[in-house]
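1. I would like to see how this sequence folds:
(one chain, ligands or ions: 1)
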Amino acid sequence: MKEGFDSPWDRQHMKKIAIIEKIHEDGLKLIDSHPDYEYEIINDVSETNLMQKLPEFDACTLRVSKLSSKILSNCKKLKVISRHGVGYDNVDLNYIKKNNISLLITASANASAVAEHVLSLILSLSKKTLRYDKEVRSLNFKANSKDIQTIELLGKEILIAGFGRIGKSLIKICLGFNMKAKVFDPFIDENIIKSFGGRKINNITEGLSTCDFLSVHMPLNDKTRNLIDYSKIKLMKKNSIIINTARGGIINEKDLNKALNENIIFGAGLDVFTNEPIENDNPLLKNDKVILSPHVSTNTDECLSRMSIETTKNIIDFFDNKIDNSMVVKL
Ligand SMILES: NC(=O)c1ccc[n+]([C@@H]2O[C@H](COP(=O)([O-])OP(=O)(O)OC[C@H]3O[C@@H](n4cnc5c(N)ncnc54)[C@H](O)[C@@H]3O)[C@@H](O)[C@H]2O)c1
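-> Residues are numbered from 1 along each chain as shown. This is a model prediction of the structure:
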């Protein structure tokens, strides 16, 4: 109970927020500064513990742990789930829709961090940063000969598949590198894409044969699962690079590995995987044409702070009836 707020009335009206998995302290400070809210951090995210702990809370923040209908059916007080991020495939949407539990996302906090991560993968793969580093550490300074092929971004074409928050942030950076951009997103008007400096294509295969880089930025669902498979990768140029920072499964991992081994494309950068954590026998772990990161596109100091503040502010705004519409998932 907060100091100075310990009368029975205060206690009764205090809203309790479960912080499921710790978030950056800036978001917790925001709750601390608010007299009507208190929080408890829940680090044990096992189903048993969440079933036991969550029923006492009015709201919760959520990182990557799963909120199944089995857990949620115990939470009679829960009014709102506030995702620390924008994806929500870890929540049982049917259950929360039926039971009138709202779902919020940090819509404005993380696009730039993901777009920067895409660029870091594109640059590292194009410039063979990891390979050169390894050669110099092995005192092989002769690695500066022509045997190691590298690529420039200048004048190259990127195909951005999915033109929401992250796609829009990415195109600005790419145009800054003097690249050209095609965009595949059936739900975004041609004029909006044009206003960002891109060219809309209506069929993804149209863009695959001309692009030098493909970066996907759409949700994972039945339409997008395996969107990029072997037959699509085969349409791409020999020096092209595929990046996936969206969700594992949009690009078929087995097909990607096969295509890389057959030199059909130049390389790939992956932040997300079909199974997370990645299985220890996943062949991509042994493929040096791919750069891997453990789902960390938004893990910059700055972004973690922005996300934690937005996650907790969303809960307070929700109960104050002033939540920004763009933060609310339409179920
Ligand atoms: N790696 C990470 O840490 C990380 C962080 C944030 C977001 N993400 C993921 O990135 C993806 C994009 O996030 P966002 O914030 O830009 O989402 P967003 O909702 O703003 O945009 C998604 C876009 O995808 C488009 N789309 C939907 N179905 C499509 C299809 N079949 N073909 C082409 N386009 C389609 C939509 O029209 C929309 O414009 C999501 O999958 C999200 O989960 C990953």
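2. show me the contacts for the closest residue to the ligand within the stretch 151-300 of the chain.
-> Of all residues in the stretch 151-300 of the chain, the one sitting closest to the ligand is G164 (1.8 Å; Cβ to the nearest ligand atom). C-beta coordinates here come from the backbone N, C-alpha and C atoms, glycine included. Taking Cβ atoms under 8 Å, 6 or more residues apart in numbering, we find G164 in contact with 185, 217-218.
3. Which of those sits closest to D133?
-> Comparing those against D133 with Cβ to Cβ places H217 closest, at 28.4 Å.
4. Near the ligand, which residues of the stretch 151-300 of the chain? Just list them.
-> 161-167, 184-188, 217-219, 223-224, 245-247, 271-272, 295, 297-298 (Cβ under 6 Å from any ligand atom).
5. Could you pick out the buried ones from these?
-> 161-167, 184-185, 188, 217-218, 224, 245-247, 271-272, 295, 297-298 (16 or more other Cβ atoms under 10 Å).
6. List the ones among those residues that fall in strands.
-> If you go by DSSP state E, these have 161, 184 in strands.
7. quick one: the longest helix belonging to the chain near the ligand?
-> Assignment by DSSP state H gives helix 301-319 as the longest helix of the chain. No - judged by Cβ under 6 Å from any ligand atom, helix 301-319 stays clear of the ligand, getting no closer than 9.1 Å.
8. In the stretch 1-150 of the chain, which residue sits nearest the ligand?
-> Nearest residue of the stretch 1-150 of the chain to the ligand, counting by Cβ to the nearest ligand atom: G87, 2.8 Å away.
9. Name the helix or strand for that residue, please.
-> Using DSSP states H and E, G87 maps to neither a helix nor a strand.
10. Does E253 touch L284 like I think?
-> Yes - applying Cβ atoms under 8 Å, one finds E253 in contact with L284, separated by 6.3 Å.
11. Please name the spatially closest residue to the residue nearest the centre of the chain (chain neighbours excluded).
-> Nearest to the mean C-alpha position of the chain, counting by Cα atoms, centre = their mean, stands A246 at 5.2 Å. In space, A246 comes closest to V216 once its chain neighbours are excluded; the distance is 4.9 Å by Cβ to Cβ, 6 or more residues apart in numbering.
12. for that neighbour, which residues make a bridge with it?
-> Assessed by DSSP bridges, V216 has beta-bridge partners A161, N244.
13. what about the protein, any weak spots by pLDDT?
-> In the prediction, the chain carries residues with pLDDT under 70 at positions 1-12.
14. tell me the domain ranges of it?
-> 8-109+301-327, 111-292 (automatic domain parsing).
15. now D324: how far from the ligand?
-> Note on D324: its distance to the ligand, by Cβ to the nearest ligand atom, to the nearest Å, is 14 Å.
16. Give the buried residues for stretch 319-331.
-> Across stretch 319-331, burial judged by 16+ other Cβ under 10 Å covers 319, 323, 327-329.
17. Check the offset of that stretch from the chain's centre.
-> Taking Cα atoms, centre = their mean, to the nearest Å, one finds stretch 319-331 lying 20 Å from the centre of the chain it belongs to.
18. Pull the residues that contact that stretch.
-> Contact with stretch 319-331 is made by 15, 36, 58-59, 79-80, 88, 93, 96-97, 102-108, 310, 314, 317, as judged by Cβ under 8 Å, 6+ apart.
19. Find the nearest non-adjacent residue to E276, please.
-> The shortest distance from E276 to any non-neighbouring residue, by Cβ to Cβ, 6+ apart, is to H295 (5.9 Å).
20. all strands of the stretch 151-300 of the chain, in order?
-> Assigned by DSSP state E, counting those that start in this stretch, the strands in the stretch 151-300 of the chain fall at 157-161, 180-184, 199-201, 213-216, 241-244, 267-270, 290-292.
21. distance between the ends of stretch 159-169?
-> This stretch, stretch 159-169, spans 14 Å end to end (Cα to Cα, to the nearest Å).
22. same deal with stretch 219-226?
-> One end of stretch 219-226 sits 12 Å from the other (Cα to Cα).
23. and if you look at stretch 80-97?
-> Start-to-end, stretch 80-97 (Cα to Cα) is 11 Å.
24. Distance of G267 relative to I166?
-> Note on G267: its distance to I166, by Cβ to Cβ, to the nearest Å, is 21 Å.
25. got it, and L50?
-> With the distance defined as Cβ to Cβ, L50 ends up 29 Å from I166.
26. now what about stretch 251-266, what contacts it?
-> By Cβ under 8 Å, 6+ apart, the residues outside stretch 251-266 that reach it are 125, 149, 151, 216, 226-230, 233-234, 236-242, 244, 267-268, 270, 273-274, 282-284, 287, 289-290.
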